[in-house]
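Engineer: Sequence and predicted structure below; questions after.
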Amino acid sequence: MYYDKTGKFIGLVEWAKLSEQRDYRRIGFDELGNGYRVSTVWLGLDHRFGSGSPLFFETMVFEDGSWSEVDCDRYGSEEDALIGHAAMVAKWTEKQRPIGK
């Protein structure tokens, strides 16, 4: 199943077209001064593993120079994704990178 940002079911072709639009996909992006990046995106696919409402937005935190995430959360609405992005920025702004990284 594919979803637009409002949670409406869409077809594969429409999902693919929206997925190509960076301005549609990206909900938030912040490079923090301590070497972390916070990215929140619309996935358009349900990333809930198990039962419950679909989760098709995702926030991930990355260390500079890497695309391996160090933290992640998922949401079912754009509003929740924006709130979650802000919370992740606040959480990781206070973090210090390990010595030697």
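Structural biologist: Yep, it's here. Numbers count the residues shown, from 1 in each chain.

Engineer: In the chain, mark out all the strands, start to finish.
Structural biologist: 2-3, 9-10, 26-31, 36-42, 57-63, 69-75 (DSSP state E).

Engineer: which strands and helices sit next to the fourth one?
Structural biologist: By that I understand strand 36-42. Under the contact definition 3 or more C-beta pairs under 8 Å, 6 or more residues apart in numbering; DSSP states H and E, strand 36-42 sits against helix 22-25, strand 26-31, strand 57-63, helix 78-93. (Each C-beta comes from the backbone N, C-alpha and C, glycine too.)

Engineer: So, low pLDDT: which residues of this protein?
Structural biologist: 96-101 (pLDDT under 70).

Engineer: returning to what we had before: want to throw the helices and strands packed on strand 36-42 into TSV with mean neighbour count and distance to residue 13?
Structural biologist: TSV is the format used below for the helices and strands packed on strand 36-42 (neighbours: other C-beta atoms under 10 Å; distance: least, C-beta to C-beta, whole Å):
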stretch	mean neighbour count	distance to residue 13
helix 22-25	11	15
strand 26-31	14	21
strand 57-63	21	21
helix 78-93	16	22
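
Engineer: Mind checking those for the one nearest to residue 72?
Structural biologist: strand 57-63 (4.9 Å; C-beta to C-beta).

Engineer: roughly how far apart are the closest residue to residue 68 other than its chain neighbours and residue 93?
Structural biologist: Leaving aside its sequence neighbours, residue 68 sits nearest to residue 62 (C-beta to C-beta, 6 or more residues apart in numbering; 7.0 Å). Look at residue 62 and residue 93: by C-beta to C-beta, to the nearest Å, they are 14 Å apart.
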